[in-house]
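1. sequence first, then the predicted structure, then my questions.
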Amino acid sequence: LKGEVAMNFRIIAQANRARRGELKLPHSVVETPVFMPVGTQGTMKGILPEQLIDMDCRILLCNTYHLGHRPGHELVRKAGGLHKMINWPRSILTDSGGFQMVSLNKLMSIDETGVQFVSPHTNQLTHLTPEHCIEIQENLGADIIMQLDHVVHVLTDGPVVEEAMQRSIRLSWLDRCLAAHKRRSDQLLFPIVQGGLNLKLRSDCAEEMSKRCTIGIAIGGLSGGEEKRSFWKVVAHCCERLPQQIPRYVMGVGWAVDLVICALLGADMFDCVYPTRTARFGSALRLKLQEEIGCHLISLHNIKHQLDLMKRIREAISNDRVQEFLNEFLHEQYPDGDIPEWIRNAAAYMNYQIII
């Protein structure tokens, strides 16, 4: 895959483990660390592309499984691709549909060929293979696409965790995705490191993924209810074992404190529905109001909050003041000084002193 895609990732500055980078994609230059807002079916409810551009959002995440069902990937292709259909001139990342193995587990079955889902929309049976997953994402036309991986709930233990990890790699799902991917001149394919909370499995998976792909690698299967003390250790463990010169994408991370700790551990990309989903329940991130406000405005505020937080991290890395930033941020989040033990442990692991 080397040299086949018109992109590159450049580390501009580094402070301890944290990196500030620049990811050149076909539709935009993305500054990292970056938070990617999620438009599950191509758009975020009640938010215009122009509003996202005004916030300097450079990249969105869209959902392959749902777009494959509605409106359908062939229809999106005929409309000129997802960028044109949703009037979004900047970059897009599409996930593979693997997460639906957890979120829709009562509607699916799995074997070596792929995953069978019962559509929650039509009750029709869909067989998602690695090849079909890539076909859908090529028709959608995202800048970054993801391999089909076997995702199990993060709290699962026993042989099924290793079986799922092996299926994602040695039992050929990744290799089948790589072989099926023809649109290499304007599209990146990221593999996904799995292995649950088992650090040995994570090491094995990271090693195999690094052998196969030199463009970018994701860390998947987290943010599913595991204890934070396990969460940060898995992120740290994976980042330490992934290549330095490629972007590292921790999937499903959206809480502000999680974003900060993961970025300081050396991760570069994040996504989550949290800012917009919580807005639809009337919750704003650090915005105190005396009266009700529409979820549209709260969604805008929440996305802007996360994008601005990433900008603050990037500036702290460039100015070599990550230590100061971390204490300022923690004081904002925990003004009473009651900082969770997992954050203190993660900071100590990275040799940061917490003084607030």
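-> Okay, I see it.
2. make it CA atoms for all contacts and neighbour counts henceforth
-> Fine.
3. give me the three-state assignment for Val154.
-> coil (DSSP: H, G, I helix; E, B strand; the rest coil).
4. and it, its phi and psi?
-> Val154 adopts backbone torsions of phi -60, psi -30, taken as degrees, to the nearest 10.
5. same check on Asn16?
-> Phi and psi for Asn16, reported as degrees, to the nearest 10, are phi 60, psi -120.
6. likewise Val250?
-> According to degrees, to the nearest 10, Val250 has phi -90, psi 110.
7. next one: Glu315
-> Per degrees, to the nearest 10, the backbone of Glu315 is at phi -70, psi -40.
8. so for it, what's the pLDDT?
-> pLDDT for Glu315: 99.
9. count the neighbours of it for me.
-> 16 (other Cα atoms under 10 Å).
10. which residues touch it?
-> Counting by Cα atoms under 8 Å, 6 or more residues apart in numbering, Glu315 touches no other residue.
11. any idea how far Phe325 is from it?
-> Distance, Glu315 to Phe325, using Cα to Cα, to the nearest Å: 9 Å.
12. those strands in the stretch 51-200 of the chain, which residues are they?
-> In the stretch 51-200 of the chain, the segments counted as strands under DSSP state E, counting those that start in this stretch are 59-62, 91-94, 108-111, 114-118, 125-128, 144-146, 188-190, 192-193.
13. any chance of the ones you listed in a markdown table, plus mean neighbour count?
-> Listed next are these as a markdown table, based on neighbours: other Cα atoms under 10 Å:
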| stretch | mean neighbour count |
| --- | --- |
| strand 59-62 | 25 |
| strand 91-94 | 25 |
| strand 108-111 | 14 |
| strand 114-118 | 19 |
| strand 125-128 | 16 |
| strand 144-146 | 24 |
| strand 188-190 | 25 |
| strand 192-193 | 28 |
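14. can you list these in CSV and add mean pLDDT and distance to Leu174?
-> Output for these, formatted as CSV (pLDDT from 0 to 100; distance: least, Cα to Cα, whole Å):
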stretch, mean pLDDT, distance to Leu174
strand 59-62, 95, 21
strand 91-94, 97, 16
strand 108-111, 80, 15
strand 114-118, 82, 12
strand 125-128, 83, 14
strand 144-146, 97, 10
strand 188-190, 96, 10
strand 192-193, 96, 9
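15. let me know the pLDDT of the residue nearest the centre of the chain.
-> Nearest residue to the geometric centre of the chain (Cα atoms, centre = their mean): Met251, 3.2 Å. Looking at Met251, its pLDDT is 96.
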